[in-house]
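**Q** Below are the sequence and a predicted model; questions follow.
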Amino acid sequence: MKSLIKHTSPKVKGKASKLSKCGVALCLIMGASQALADKCYIMVHGHGVSSSSESQSYWSNNNFSEYNGSSFFDDLLGSGDNYGIVHYNSSDGAGLPYWRNEAAGEIARQIISIKSGSGDGYNHEHASTQCSSNDDFFVVAHSQGGTEMMYIAGNAVSGSPNYNTAYSSSGSGVTVDFASAMSGVEAIFSLGGSITGTEGADRVCNGSWVEYLVGELAFGGCNDSTKWLQTNDSYAVRSYIGSNLGAPYWVMGGWNEFPGVASASSLLLNGDDDGYINLASQMSCSGSGTRNLWNDLKKYKTFFGIAYGSPTYKCDDDHKGTPRTYNAFSLDEDHDSERNGGKSSPSNKGIPDGLNCGSGNMASRISDCT
Amino acid sequence: MKIKNTVLICTFAFATLFSFYQIYEKNGLPSFDLDPTDLAASSKSNKTLQPNAIDIGSKSTLLESANNEIEIDDESSFVSSTTPTTYLDRIKAKEDRTSFHDKLITDRANQARYPAHNQKIKSIDLDPVERRYEIEERTTQNEDGDALLTIWSDQKYYLDNDEVKVYAKLSDARGVNQATRFMGQLIYNETTPITEFELNDLDHDGVYEHSMILDQTKLDNLEAGIYKVFIVNSLNTMVDALSFTLSRPEMQLTGEYREVISSTGNLDIQAQLQVSAANRFYMQATLYSSTNDPIGVTQVSGELAPGLQWVTLEFDGMMIRDAGEPGPYLLKSISLAKVAMPIQRVPLIYPAYFTQSYSIDQFRNTTYAARE
């Protein structure tokens, strides 16, 4: 289990306190309890986090000064909304593949704990934002967090290949109650998820020509964690889940390069990407995770007016590589701004079966749409 | 005094609300949506769903059958006198639903229709089992954007002694194949080199090929697991790698099948397996009509002991009725795997097994949520 720096008691809901005692009694007698549920966003971070404090700061941290002072929560949280932060060790030092007990297993156990109203163990900078057991739960996952949530949701349904099972370092199955973790979760939102891996991991593990920018910045060599984030189907999480998910899964993709010199990383990835993850992978499209979606999502590159790369593919809800997976948005965000809300008004490219609710960045659209 | 006042206020409030409640009961309004999934809860708590409930869902239909059983059609939502307590109930009751709310309502209705391990297949090209075995064609472009390297193998999963065919082509930005030399290297588990080879274009179509047999007597260190084939060419520095899995599942289908309609109105097809070692298994199977229209997919997993074993593939009765075609039905494909890391699937199996003739009336006509 995680070791956390600070522990706080879960918030005691006081929203019924203003009602008279007879009002409460009335509800009890009539047997119809009017729910006063708030929204609870359960936050699952991405790759490269080793400590619980990093997990907490993940959603406001940044790699680029352009995003200084931004926080995902500023745009996510409306009045009365709560959140719970999940921590697992996604660092290259730990080198944990997404299916390990210390990764997927740990995340599932913490989701169960947060849903029970036990709090996430952190002191929130936003007052009274610990989740209660009667909240409405949404999971928000970024990058590798999206892969983790796909593994958990895809093995939360009976008959799944790894039903309620993660794995230890020796390869032995470890029972984890994925079904309980997904029970009562209204939706999962994946932001820039490495659902079909990332070509950056391919380049690191394949020792390709210019892997430096993508490889060394994002990954610390071809460790086990990186190895299982490659785009080959042999490693992709879609090969390790069943034909249904324990909760509906909405994908939000980014297609802008990083600011400044780091924008070069996009040149090393096929088709659209957010600097680290190919858009086809973020949107969990069927087919190769590196394929070009230019005709579906954004007119990307042309050569003397001729679009090149893979031919036209569809990536609507019927053409996902994973079940119960739905298009949400494809926004002008990079992999960093996706998690820290650094861009307030990224443009939105209309996509088949996409949502039309909300505005602004990924955080504010989740807030508006839910 | 304070207590007395509270009692008086409460009494007044109860009386007022009870009056409203009686009016609502008499007039049958207003009330709220009830999700199909709540049928189970309602049934367990002996609540009565009103047959004359008002249907306010735009796409919903509420049918009353001869025996007064309620059938739910697609995005069912209907009125009950239950106060909405779940997120789903509340968004259903909203007039200003977002597009996310609408999609969530549809998703949940679909999920309530069949058990979670059964999924309808909308069309042949969306068959999830076939898709799992689709060839993984990978295209990489160079930095300048004027060259494309495309590589693939003829399958993603192989057994011992199977032939692996590897393909590669290099094309310019217009898609014209280029003449070059391709070299390949087979590596096990990212670390262990197995063999090197050159790909050849014997028919001069610009697609270079190489085939090899996964023969343990000829290739050293041929363990079960993930293999990569690195491919480079002589025209530029582009490199990419395809991957495949060598499976040793320690179980195989014998080709024996049997079937029964279960007491709950589902079609259960049992498949016999010969198991040589205790392992966890995973099986997906698709059911088609005799006219080759897809019906649905099922999945099952669990532990198997050595010996002859029967595994039940359950196809939901409502899913079969929804297809609208009578039997016989075709058990079209089976994906069998030993569950491990990495998973060891066997190449896709086509049993060509047809069931007996059935009328769709022999299958359950209620949703899974209602049955439960």
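**A** Nice, I can see it.
**Q** Quick check: buried residues in stretch A:103-123?
**A** Within stretch A:103-123, the residues that count as buried by 16 or more other CB atoms under 10 Å in any protein chain shown are A:103-115, A:117-122. Placement of C-beta: from N, CA and C, glycine included.
**Q** What about those residues, which are in strands?
**A** Assignment to strands by DSSP state E places none of these there.
**Q** can I get the CA coordinates of stretch A:223-243 in PDB?
**A** Provided in PDB are the C-alpha atoms of stretch A:223-243 (Å, rounded to 0.1, in the frame of the first residue of the first chain):
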ATOM      1  CA  ASN A 223      12.600  -0.800 -18.800                       C
ATOM      2  CA  ASP A 224       9.600  -3.100 -18.200                       C
ATOM      3  CA  SER A 225       7.200  -0.200 -17.800                       C
ATOM      4  CA  THR A 226       8.300   1.400 -21.100                       C
ATOM      5  CA  LYS A 227       8.400  -2.000 -22.800                       C
ATOM      6  CA  TRP A 228       4.700  -2.500 -22.100                       C
ATOM      7  CA  LEU A 229       3.900   0.900 -23.500                       C
ATOM      8  CA  GLN A 230       5.000   0.000 -27.000                       C
ATOM      9  CA  THR A 231       2.400   0.200 -29.800                       C
ATOM     10  CA  ASN A 232       2.800  -3.400 -30.900                       C
ATOM     11  CA  ASP A 233      -0.400  -5.400 -30.200                       C
ATOM     12  CA  SER A 234       1.600  -8.000 -28.300                       C
ATOM     13  CA  TYR A 235       2.100  -5.400 -25.500                       C
ATOM     14  CA  ALA A 236      -1.000  -3.200 -25.900                       C
ATOM     15  CA  VAL A 237      -3.600  -3.300 -23.100                       C
ATOM     16  CA  ARG A 238      -6.400  -4.100 -25.600                       C
ATOM     17  CA  SER A 239      -4.900  -7.600 -26.000                       C
ATOM     18  CA  TYR A 240      -5.200  -8.200 -22.200                       C
ATOM     19  CA  ILE A 241      -8.800  -7.200 -21.600                       C
ATOM     20  CA  GLY A 242     -12.200  -8.800 -22.500                       C
ATOM     21  CA  SER A 243     -15.000  -7.900 -24.700                       C
END
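**Q** Okay, buried residues for it please.
**A** Neighbour-count burial for stretch A:223-243 flags A:223, A:225-243 (criterion: 16+ other CB under 10 Å).
**Q** next one: stretch A:182-202
**A** For stretch A:182-202, by 16+ other CB under 10 Å, it's A:182, A:184-202.
**Q** Low-confidence ranges, the stretch 1-150 of chain A, go.
**A** A:1-36 (pLDDT under 70).
**Q** Strands along that one, start to end?
**A** For the stretch 1-150 of chain A, strands defined by DSSP state E, counting those that start in this stretch occupy the ranges A:39-44, A:82-86, A:136-142.
**Q** is it possible to export those to CSV including mean neighbour count and distance to residue A:63?
**A** What follows is those, written out as CSV (neighbours: other CB atoms under 10 Å in any protein chain shown; distance: least, CB to CB, whole Å):
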stretch, mean neighbour count, distance to residue A:63
strand A:39-44, 26, 18
strand A:82-86, 25, 20
strand A:136-142, 26, 13
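**Q** Any idea which of these gets closest to residue A:127?
**A** Nearest to residue A:127 among the strands of the stretch 1-150 of chain A is strand A:82-86; the distance by CB to CB comes to 10.9 Å.
**Q** Give the pairing partners of the closest one; include direction for each.
**A** In the sheet, strand A:82-86 lines up against strand A:39-44 (parallel) (DSSP bridges).
**Q** now the angle from the strand it pairs with to strand A:136-142?
**A** Between strand A:39-44 and strand A:136-142, the angle comes out at 30 degrees (axes from the mean of the first three to the mean of the last three CA atoms, to 10 degrees).
**Q** quick one: contacts of strand A:39-44?
**A** Outside strand A:39-44, the residues that touch it by CB atoms under 8 Å, 6 or more residues apart in numbering or on different chains are A:58-59, A:72, A:76-78, A:80-86, A:107, A:111, A:114-115, A:131-132, A:135-142, A:145, A:148-149, A:185, A:366, A:370.
**Q** Could you check how far that strand is from the centre of its chain?
**A** 10 Å (CA atoms, centre = their mean, to the nearest Å).
**Q** what do you get for stretch A:188-200?
**A** Worked out by CA atoms, centre = their mean, stretch A:188-200 lies 8 Å from the chain centre.
**Q** same thing with stretch B:231-247?
**A** For stretch B:231-247 - counting by CA atoms, centre = their mean - the centre lies 31 Å from the chain centre.
**Q** mean confidence score for it?
**A** What stretch B:231-247 shows for mean pLDDT is 92.
**Q** And it, end to end?
**A** 23 Å (CA to CA, to the nearest Å).
**Q** So which of the buried residues of stretch A:182-202 belong to helices?
**A** Of the positions in those, A:182, A:199, A:200, A:201, A:202 sit in helices, assigned by DSSP state H.
**Q** closest to chain B among those residues?
**A** Nearest to chain B among those: residue A:202, at 7.3 Å, using CB to the nearest CB.
**Q** show me what contacts that closest one?
**A** Residues in contact with residue A:202 (CB under 8 Å, 6+ apart) are A:208, A:230, A:231, A:232, A:290, B:240, B:241.
**Q** go on, residue B:99?
**A** Residue B:99 touches A:355, A:356, A:357, A:369, counting by CB under 8 Å, 6+ apart.
**Q** how's chain B carved up into domains?
**A** Using automatic domain parsing, the domain parsing of chain B gives B:31-113, B:124-130+B:249-371, B:144-247.
**Q** closest one to residue A:320 among those?
**A** Here domain B:124-130+B:249-371 is closest among the domains of chain B (CB to CB), at 9.9 Å.
**Q** quick one: terminal-to-terminal distance for the closest one?
**A** Domain B:124-130+B:249-371: ends 29 Å apart by CA to CA.
**Q** All set, thanks.
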